[in-house]
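> Please find the sequence and the predicted model below.
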Amino acid sequence: MKIVILGGDGYLGWATAMHLSARGHEVTVVDNYLRRRLSRELDREALIPVPNLNQRVEIWRALGGREIAVRIGDITDYGFLKSVVTAAAPDGIIHYAEQPSAPYSMIDQQHSALTVSNNLMATHNAVFAVRECAPACQIVKLGTMGEYGTPNIDIEEGYLTVEHKGRSHKFLYPKTPGSIYHLTKVQDSDLLYFAARVWDLAITDLNQGPVYGLETDEARDDRLAPLFSYDDVFGTVLNRFVVQAVANVPLTVYGKGGQTRGYLNIRDTLQCVELALKAPAKRGEFRVFNQFTETFSVNDLAEHVVRVAKNAGLRVEAKSIPNPRREAEDHYYNPANTGLIDLGLKPNLLTDEVIAGMIAYVQRHSSRIRTDLMQPRVKW
Ligand code: USQ
(Lines give C-alpha, C1' and ligand atoms only; values in the text may rest on other atoms or scores of the structure.)
Protein backbone atom coordinates (compact mmCIF):
# COMPACT_ATOMS: atom_id res chain seq x y z
CA MET A 1 0.00 0.00 0.00
CA LYS A 2 0.97 3.61 -0.46
CA ILE A 3 0.61 5.20 2.96
CA VAL A 4 0.91 8.83 4.05
CA ILE A 5 1.52 9.39 7.78
CA LEU A 6 0.49 12.84 8.94
CA GLY A 7 2.43 13.58 12.13
CA GLY A 8 5.18 11.13 11.16
CA ASP A 9 7.75 12.62 13.56
CA GLY A 10 5.90 12.03 16.84
CA TYR A 11 5.98 9.31 19.51
CA LEU A 12 3.70 7.05 17.46
CA GLY A 13 4.15 8.46 13.96
CA TRP A 14 7.79 7.53 13.49
CA ALA A 15 7.37 4.06 15.02
CA THR A 16 4.43 3.49 12.66
CA ALA A 17 6.47 4.65 9.66
CA MET A 18 9.21 2.10 10.34
CA HIS A 19 6.70 -0.65 11.10
CA LEU A 20 4.83 -0.21 7.83
CA SER A 21 8.02 0.34 5.84
CA ALA A 22 9.43 -2.93 7.22
CA ARG A 23 6.31 -4.70 5.92
CA GLY A 24 6.88 -3.48 2.40
CA HIS A 25 4.55 -0.50 2.25
CA GLU A 26 5.52 2.68 0.45
CA VAL A 27 5.53 5.28 3.23
CA THR A 28 5.58 9.07 3.16
CA VAL A 29 5.97 10.89 6.49
CA VAL A 30 4.65 14.42 6.86
CA ASP A 31 5.41 16.71 9.78
CA ASN A 32 6.04 20.35 10.69
CA TYR A 33 7.91 19.50 13.93
CA LEU A 34 5.15 21.13 15.98
CA ARG A 35 5.51 18.63 18.81
CA ARG A 36 9.27 19.19 19.06
CA ARG A 37 8.80 22.94 18.98
CA LEU A 38 6.20 22.90 21.77
CA SER A 39 8.43 20.73 23.97
CA ARG A 40 11.34 23.09 23.42
CA GLU A 41 9.22 26.17 24.13
CA LEU A 42 8.05 24.69 27.44
CA ASP A 43 11.58 23.45 28.22
CA ARG A 44 10.37 19.86 28.46
CA GLU A 45 12.38 17.92 25.94
CA ALA A 46 12.15 14.18 25.31
CA LEU A 47 14.32 11.68 27.23
CA ILE A 48 16.30 10.49 24.23
CA PRO A 49 17.48 13.07 21.70
CA VAL A 50 16.30 11.99 18.27
CA PRO A 51 17.64 13.13 14.90
CA ASN A 52 15.33 15.06 12.59
CA LEU A 53 13.07 13.17 10.18
CA ASN A 54 15.39 13.34 7.18
CA GLN A 55 18.24 12.02 9.31
CA ARG A 56 16.09 9.25 10.81
CA VAL A 57 14.99 8.15 7.34
CA GLU A 58 18.64 8.07 6.28
CA ILE A 59 19.63 5.97 9.34
CA TRP A 60 16.69 3.63 8.66
CA ARG A 61 17.87 3.16 5.07
CA ALA A 62 21.51 2.68 6.08
CA LEU A 63 20.42 -0.08 8.50
CA GLY A 64 18.71 -1.91 5.65
CA GLY A 65 15.24 -0.38 5.70
CA ARG A 66 13.28 0.70 2.65
CA GLU A 67 13.10 4.25 1.38
CA ILE A 68 10.68 6.46 3.34
CA ALA A 69 9.70 9.78 1.74
CA VAL A 70 9.72 12.94 3.89
CA ARG A 71 7.62 16.07 3.44
CA ILE A 72 8.22 18.82 5.98
CA GLY A 73 5.30 21.22 6.19
CA ASP A 74 2.13 22.20 7.98
CA ILE A 75 -1.07 20.42 6.99
CA THR A 76 -3.16 23.32 8.27
CA ASP A 77 -1.80 24.91 5.06
CA TYR A 78 -4.25 23.31 2.64
CA GLY A 79 -2.12 23.95 -0.47
CA PHE A 80 0.75 22.03 1.11
CA LEU A 81 -1.44 19.08 2.11
CA LYS A 82 -3.03 18.89 -1.33
CA SER A 83 0.38 18.77 -2.95
CA VAL A 84 1.38 15.90 -0.64
CA VAL A 85 -1.76 13.88 -1.33
CA THR A 86 -1.66 14.50 -5.06
CA ALA A 87 2.00 13.47 -5.33
CA ALA A 88 1.70 10.40 -3.09
CA ALA A 89 -1.66 9.14 -4.45
CA PRO A 90 -2.08 7.13 -1.22
CA ASP A 91 -4.25 4.11 -0.52
CA GLY A 92 -4.32 5.13 3.13
CA ILE A 93 -3.70 8.22 5.23
CA ILE A 94 -2.90 7.83 8.92
CA HIS A 95 -3.65 11.02 10.78
CA TYR A 96 -1.66 11.63 13.97
CA ALA A 97 -0.94 15.30 13.25
CA GLU A 98 -2.35 16.86 16.39
CA GLN A 99 -1.28 18.62 19.54
CA PRO A 100 -1.55 15.49 21.73
CA SER A 101 -1.43 16.73 25.33
CA ALA A 102 -4.37 17.43 27.63
CA PRO A 103 -2.30 19.52 30.07
CA TYR A 104 -0.84 21.57 27.19
CA SER A 105 -4.33 22.49 26.01
CA MET A 106 -5.26 23.64 29.53
CA ILE A 107 -2.32 26.00 30.22
CA ASP A 108 -4.18 29.15 29.16
CA GLN A 109 -6.17 30.70 26.30
CA GLN A 110 -3.22 30.75 23.88
CA HIS A 111 -2.31 27.10 24.35
CA SER A 112 -5.93 26.10 24.11
CA ALA A 113 -6.33 28.16 20.93
CA LEU A 114 -3.30 26.50 19.35
CA THR A 115 -4.74 23.09 20.18
CA VAL A 116 -8.18 23.92 18.79
CA SER A 117 -6.97 25.60 15.61
CA ASN A 118 -4.25 23.05 14.86
CA ASN A 119 -6.26 19.91 15.59
CA LEU A 120 -9.53 20.89 13.98
CA MET A 121 -7.96 22.45 10.90
CA ALA A 122 -5.65 19.46 10.43
CA THR A 123 -8.61 17.07 10.40
CA HIS A 124 -10.71 19.44 8.32
CA ASN A 125 -7.99 19.71 5.68
CA ALA A 126 -7.36 15.97 5.71
CA VAL A 127 -10.96 15.14 4.79
CA PHE A 128 -11.04 17.83 2.10
CA ALA A 129 -7.73 16.69 0.60
CA VAL A 130 -8.99 13.11 0.40
CA ARG A 131 -12.32 14.19 -1.02
CA GLU A 132 -10.69 16.33 -3.71
CA CYS A 133 -7.51 14.44 -4.53
CA ALA A 134 -7.93 10.77 -3.53
CA PRO A 135 -11.59 9.93 -2.71
CA ALA A 136 -10.97 6.17 -2.58
CA CYS A 137 -8.16 6.58 -0.03
CA GLN A 138 -9.04 5.41 3.48
CA ILE A 139 -8.36 7.62 6.49
CA VAL A 140 -7.18 6.07 9.75
CA LYS A 141 -7.43 8.70 12.45
CA LEU A 142 -6.02 8.56 15.97
CA GLY A 143 -8.81 9.51 18.33
CA THR A 144 -8.84 8.94 22.06
CA MET A 145 -10.72 6.99 24.71
CA GLY A 146 -10.82 10.32 26.54
CA GLU A 147 -13.58 11.41 24.16
CA TYR A 148 -16.02 9.30 26.17
CA GLY A 149 -14.92 10.53 29.58
CA THR A 150 -16.07 8.31 32.45
CA PRO A 151 -19.83 7.82 32.03
CA ASN A 152 -21.76 5.72 34.53
CA ILE A 153 -22.76 3.19 31.84
CA ASP A 154 -20.75 0.80 29.65
CA ILE A 155 -18.79 2.48 26.85
CA GLU A 156 -19.52 0.97 23.44
CA GLU A 157 -17.33 1.22 20.34
CA GLY A 158 -18.29 4.55 18.86
CA TYR A 159 -22.06 4.31 18.74
CA LEU A 160 -25.02 3.95 21.09
CA THR A 161 -28.52 2.91 20.13
CA VAL A 162 -30.99 5.13 21.94
CA GLU A 163 -34.63 4.19 22.47
CA HIS A 164 -36.91 7.15 22.84
CA LYS A 165 -40.70 7.17 23.01
CA GLY A 166 -40.99 3.80 21.37
CA ARG A 167 -38.51 4.44 18.53
CA SER A 168 -34.78 3.83 18.35
CA HIS A 169 -31.83 5.40 16.57
CA LYS A 170 -28.07 4.74 16.48
CA PHE A 171 -26.06 7.86 17.38
CA LEU A 172 -22.38 8.51 17.95
CA TYR A 173 -21.82 7.63 21.59
CA PRO A 174 -22.39 10.73 23.79
CA LYS A 175 -19.10 12.32 24.77
CA THR A 176 -17.94 14.01 27.99
CA PRO A 177 -14.25 14.89 27.44
CA GLY A 178 -12.16 16.22 30.31
CA SER A 179 -9.84 18.69 28.58
CA ILE A 180 -9.82 21.01 25.59
CA TYR A 181 -7.44 18.59 23.88
CA HIS A 182 -9.89 15.71 24.35
CA LEU A 183 -12.70 18.00 23.21
CA THR A 184 -10.91 18.64 19.91
CA LYS A 185 -10.87 14.89 19.33
CA VAL A 186 -14.63 14.76 19.89
CA GLN A 187 -15.04 17.50 17.31
CA ASP A 188 -12.71 15.65 14.94
CA SER A 189 -14.96 12.60 15.24
CA ASP A 190 -18.02 14.65 14.34
CA LEU A 191 -16.22 16.04 11.29
CA LEU A 192 -15.09 12.59 10.20
CA TYR A 193 -18.57 11.10 10.67
CA PHE A 194 -19.93 13.93 8.55
CA ALA A 195 -17.35 13.30 5.80
CA ALA A 196 -18.21 9.60 5.71
CA ARG A 197 -21.97 10.19 5.60
CA VAL A 198 -22.04 13.09 3.19
CA TRP A 199 -19.04 12.46 0.93
CA ASP A 200 -18.74 8.67 1.16
CA LEU A 201 -15.21 8.71 2.53
CA ALA A 202 -13.88 5.53 4.18
CA ILE A 203 -12.81 6.39 7.73
CA THR A 204 -11.64 4.53 10.84
CA ASP A 205 -11.40 6.38 14.15
CA LEU A 206 -9.11 4.66 16.65
CA ASN A 207 -10.09 5.74 20.14
CA GLN A 208 -6.84 5.05 21.87
CA GLY A 209 -6.06 4.98 25.58
CA PRO A 210 -2.73 6.12 27.06
CA VAL A 211 0.20 4.35 25.37
CA TYR A 212 3.34 3.13 27.14
CA GLY A 213 6.71 1.82 26.07
CA LEU A 214 9.70 2.78 23.98
CA GLU A 215 10.74 -0.42 22.29
CA THR A 216 9.48 -1.67 18.94
CA ASP A 217 10.96 -4.36 16.71
CA GLU A 218 12.13 -1.80 14.18
CA ALA A 219 13.83 0.70 16.56
CA ARG A 220 16.99 -1.36 16.82
CA ASP A 221 19.19 1.71 17.27
CA ASP A 222 18.65 4.49 19.84
CA ARG A 223 18.71 7.01 17.00
CA LEU A 224 15.46 5.43 15.79
CA ALA A 225 13.85 5.60 19.25
CA PRO A 226 10.49 7.33 19.62
CA LEU A 227 10.07 10.86 20.93
CA PHE A 228 9.60 9.67 24.53
CA SER A 229 8.37 12.24 27.04
CA TYR A 230 8.15 11.91 30.80
CA ASP A 231 7.44 15.49 31.82
CA ASP A 232 4.19 16.73 33.36
CA VAL A 233 2.81 18.06 30.07
CA PHE A 234 3.72 15.57 27.34
CA GLY A 235 4.44 12.39 29.34
CA THR A 236 1.68 9.84 29.85
CA VAL A 237 1.24 8.26 33.23
CA LEU A 238 3.00 4.88 32.94
CA ASN A 239 5.96 6.30 31.02
CA ARG A 240 6.28 8.94 33.73
CA PHE A 241 6.11 6.39 36.54
CA VAL A 242 8.92 4.32 35.01
CA VAL A 243 11.18 7.36 34.65
CA GLN A 244 10.31 8.52 38.18
CA ALA A 245 11.20 5.07 39.52
CA VAL A 246 14.59 5.21 37.81
CA ALA A 247 15.18 8.75 39.10
CA ASN A 248 14.18 7.78 42.65
CA VAL A 249 11.34 10.34 42.70
CA PRO A 250 8.09 9.25 44.43
CA LEU A 251 5.57 8.24 41.76
CA THR A 252 3.13 11.12 41.24
CA VAL A 253 -0.31 9.57 41.85
CA TYR A 254 -2.83 12.35 41.19
CA GLY A 255 -5.49 12.44 43.92
CA LYS A 256 -7.00 9.15 45.09
CA GLY A 257 -5.55 7.22 42.13
CA GLY A 258 -8.81 5.49 41.29
CA GLN A 259 -8.86 7.05 37.81
CA THR A 260 -9.21 4.10 35.43
CA ARG A 261 -8.27 4.11 31.75
CA GLY A 262 -7.64 1.61 28.95
CA TYR A 263 -3.90 1.21 28.26
CA LEU A 264 -1.81 -0.33 25.51
CA ASN A 265 1.78 -1.04 24.60
CA ILE A 266 3.25 1.04 21.75
CA ARG A 267 3.76 -2.25 19.87
CA ASP A 268 0.00 -2.75 19.92
CA THR A 269 -0.63 0.73 18.52
CA LEU A 270 1.40 -0.37 15.50
CA GLN A 271 -0.53 -3.64 15.19
CA CYS A 272 -3.88 -1.83 15.46
CA VAL A 273 -3.09 0.75 12.81
CA GLU A 274 -1.87 -1.95 10.45
CA LEU A 275 -4.97 -4.11 11.09
CA ALA A 276 -7.24 -1.14 10.35
CA LEU A 277 -5.41 -0.45 7.08
CA LYS A 278 -5.53 -4.08 5.99
CA ALA A 279 -9.30 -4.37 6.60
CA PRO A 280 -10.43 -0.89 5.59
CA ALA A 281 -13.71 0.80 6.39
CA LYS A 282 -16.13 0.77 3.46
CA ARG A 283 -16.84 3.92 1.46
CA GLY A 284 -19.39 5.91 3.45
CA GLU A 285 -18.51 4.12 6.69
CA PHE A 286 -17.27 5.84 9.84
CA ARG A 287 -15.89 2.91 11.77
CA VAL A 288 -14.84 3.32 15.39
CA PHE A 289 -12.60 1.03 17.41
CA ASN A 290 -11.68 1.41 21.07
CA GLN A 291 -7.94 0.92 21.03
CA PHE A 292 -6.62 -0.45 24.32
CA THR A 293 -5.84 -3.89 25.65
CA GLU A 294 -6.26 -3.65 29.46
CA THR A 295 -7.80 -1.29 31.99
CA PHE A 296 -5.94 -0.15 35.09
CA SER A 297 -6.39 2.46 37.77
CA VAL A 298 -3.52 4.86 38.46
CA ASN A 299 -3.00 3.00 41.77
CA ASP A 300 -2.75 -0.35 39.92
CA LEU A 301 -0.02 1.10 37.69
CA ALA A 302 1.87 2.69 40.58
CA GLU A 303 1.81 -0.53 42.61
CA HIS A 304 2.99 -2.56 39.63
CA VAL A 305 5.89 -0.22 38.85
CA VAL A 306 6.93 -0.05 42.52
CA ARG A 307 6.98 -3.84 42.79
CA VAL A 308 9.02 -4.40 39.62
CA ALA A 309 11.38 -1.49 40.40
CA LYS A 310 12.07 -2.90 43.87
CA ASN A 311 12.90 -6.27 42.34
CA ALA A 312 15.35 -4.43 40.09
CA GLY A 313 17.05 -3.03 43.18
CA LEU A 314 15.56 0.47 43.02
CA ARG A 315 14.28 2.31 46.06
CA VAL A 316 10.92 3.69 45.12
CA GLU A 317 7.51 4.55 46.52
CA ALA A 318 4.22 5.95 45.22
CA LYS A 319 2.85 9.16 46.72
CA SER A 320 -0.57 10.72 46.30
CA ILE A 321 -0.41 14.43 45.51
CA PRO A 322 -3.31 16.88 45.00
CA ASN A 323 -4.91 16.18 41.63
CA PRO A 324 -4.10 19.02 39.22
CA ARG A 325 -7.04 17.97 36.98
CA ARG A 326 -10.81 18.12 37.27
CA GLU A 327 -11.65 14.42 36.84
CA ALA A 328 -13.46 11.64 38.68
CA GLU A 329 -11.11 9.72 40.99
CA ASP A 330 -13.52 6.92 41.80
CA HIS A 331 -15.82 5.89 38.98
CA TYR A 332 -17.42 3.15 36.90
CA TYR A 333 -15.42 2.18 33.79
CA ASN A 334 -16.32 -0.63 31.44
CA PRO A 335 -15.40 0.09 27.81
CA ALA A 336 -15.81 -2.44 24.98
CA ASN A 337 -12.75 -3.28 22.88
CA THR A 338 -13.63 -6.31 20.76
CA GLY A 339 -13.37 -4.72 17.29
CA LEU A 340 -9.59 -4.84 16.95
CA ILE A 341 -9.35 -8.23 18.69
CA ASP A 342 -11.80 -9.55 16.06
CA LEU A 343 -9.52 -8.15 13.35
CA GLY A 344 -6.63 -10.18 14.81
CA LEU A 345 -4.94 -8.01 17.47
CA LYS A 346 -2.64 -10.10 19.68
CA PRO A 347 -2.17 -7.98 22.81
CA ASN A 348 1.24 -7.40 24.40
CA LEU A 349 0.07 -7.21 27.99
CA LEU A 350 1.65 -5.27 30.84
CA THR A 351 3.79 -7.95 32.44
CA ASP A 352 6.60 -7.59 34.98
CA GLU A 353 9.02 -8.23 32.09
CA VAL A 354 7.61 -5.33 30.08
CA ILE A 355 8.03 -2.91 33.00
CA ALA A 356 11.50 -4.30 33.78
CA GLY A 357 12.44 -3.80 30.11
CA MET A 358 11.27 -0.19 30.22
CA ILE A 359 13.21 0.42 33.44
CA ALA A 360 16.39 -1.03 31.91
CA TYR A 361 15.98 1.08 28.76
CA VAL A 362 15.42 4.28 30.75
CA GLN A 363 18.38 3.48 33.01
CA ARG A 364 20.66 3.63 29.97
CA HIS A 365 19.55 7.24 29.51
CA SER A 366 19.21 8.17 33.19
CA SER A 367 21.82 10.93 32.99
CA ARG A 368 19.33 12.95 30.91
CA ILE A 369 16.43 12.69 33.36
CA ARG A 370 15.40 16.04 34.81
CA THR A 371 13.72 15.64 38.17
CA ASP A 372 12.27 19.16 37.97
CA LEU A 373 9.84 17.91 35.29
CA MET A 374 8.00 15.48 37.58
CA GLN A 375 5.57 17.64 39.59
CA PRO A 376 2.48 18.76 37.65
CA ARG A 377 2.47 22.50 37.00
CA VAL A 378 -0.67 22.81 34.83
CA LYS A 379 -3.90 22.86 36.84
CA TRP A 380 -7.55 22.90 35.79
N1 USQ B 1 -1.95 10.74 36.09
C2 USQ B 1 -1.40 10.57 37.36
N3 USQ B 1 -0.10 10.92 37.53
C4 USQ B 1 0.69 11.42 36.54
C5 USQ B 1 0.13 11.56 35.26
C6 USQ B 1 -1.19 11.24 35.08
O7 USQ B 1 -2.07 10.12 38.30
O8 USQ B 1 1.86 11.72 36.80
C9 USQ B 1 -3.35 10.35 35.85
C10 USQ B 1 -4.22 11.42 35.24
O11 USQ B 1 -4.76 12.27 36.24
C12 USQ B 1 -5.24 10.61 34.49
C13 USQ B 1 -4.49 9.36 34.06
O14 USQ B 1 -3.32 9.32 34.89
O15 USQ B 1 -6.28 10.23 35.33
C16 USQ B 1 -4.06 9.36 32.61
O17 USQ B 1 -3.32 10.54 32.39
P18 USQ B 1 -2.26 10.65 31.19
O19 USQ B 1 -1.52 11.94 31.37
O20 USQ B 1 -1.47 9.41 31.07
O21 USQ B 1 -3.23 10.66 29.92
P22 USQ B 1 -4.19 11.76 29.34
O23 USQ B 1 -3.86 13.13 29.79
O24 USQ B 1 -5.59 11.29 29.58
O25 USQ B 1 -3.85 11.71 27.81
C26 USQ B 1 -3.10 10.65 27.22
C27 USQ B 1 -2.46 11.12 25.93
C28 USQ B 1 -3.54 11.49 24.97
C29 USQ B 1 -4.50 10.33 24.80
C30 USQ B 1 -5.03 9.88 26.15
C31 USQ B 1 -5.92 8.68 26.11
O32 USQ B 1 -1.60 12.21 26.17
O33 USQ B 1 -2.97 11.87 23.73
O34 USQ B 1 -5.52 10.75 23.99
O35 USQ B 1 -3.94 9.56 26.96
S36 USQ B 1 -7.11 8.73 27.42
O37 USQ B 1 -6.45 8.91 28.69
O38 USQ B 1 -7.85 7.48 27.36
O39 USQ B 1 -7.96 9.87 27.13
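Ah, there it is.
> Get me the contact residues on the chain for the ligand.
Residues of the chain lying close to the ligand by Cβ under 6 Å from any ligand atom are 100-102, 144-146, 182, 209-210, 236-237, 240, 252-254, 259, 261, 298, 325, 327. Just so you know, the C-beta spots here come from the backbone N, C-alpha and C atoms, and that holds for glycine as well.
> Sort out for me which of those are in helices.
A102, H182, V237, R240, V298 (DSSP state H).
> What separation do you get for the third one and L251?
Taking Cβ to Cβ, to the nearest Å as the measure, V237 and L251 are separated by 9 Å.
> Residues contacting the strand or helix carrying H124, please?
Taking DSSP states H and E as the definition, H124 sits inside helix 109-133. Contact with helix 109-133 is made by 6, 34, 75-76, 78, 81-82, 84-86, 93, 95, 97-99, 104-106, 137, 139, 141, 180-181, 184-185, 187-188, 191-192, 195, 199, 201, 203, as judged by Cβ atoms under 8 Å, 6 or more residues apart in numbering.
> Sort out for me which of these are in strands.
L6, I93, H95, I139, K141, I203 (DSSP state E).
> how many other residues sit next to the residue lying closest to M1 once chain neighbours are set aside?
Leaving aside its chain neighbours, M1 sits nearest to D91 (4.3 Å; criterion: Cβ to Cβ, 6 or more residues apart in numbering). Residues lying near D91 (other Cβ atoms under 10 Å) number 17.
> And D91, how close does it get to V27?
For D91, the distance to V27 - Cβ to Cβ - is 11 Å.
> Quick check: neighbours shared by the two?
The contact lists of D91 and V27 share I3, where a contact means Cβ under 8 Å, 6+ apart.
> In contact with S229, which residues are there?
Counting by Cβ under 8 Å, 6+ apart, S229 makes contact with Y11, S39, R44, A46, L47, G235, T236, N239.
> quick revisit: switch the ones in helices among the residues of the chain next to the ligand over to TSV; also include neighbour count.
Formatted as TSV, these follow (neighbours: other Cβ atoms under 10 Å):
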residue	neighbour count
A102	23
H182	20
V237	21
R240	24
V298	25
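> ok, back up a step: show the contacting residues for the residue nearest to M1.
M1, K2, I3, A136, C137, Q138.
> ditto for Q363
Listed by Cβ under 8 Å, 6+ apart, the contact set of Q363 reads V246.
> how about it, phi and psi?
Dihedral pair for Q363: phi -60, psi -30, per degrees, to the nearest 10.
> And P226, by the same measure?
Dihedral angles (degrees, to the nearest 10) for P226: phi -70, psi 160.
> Can you report how many residues neighbour it?
If you count neighbours by other Cβ under 10 Å, P226 ends up with 25.
> Repeat that for the one 5 residues further on.
Applying other Cβ under 10 Å, we find 24 residues neighbouring D231.
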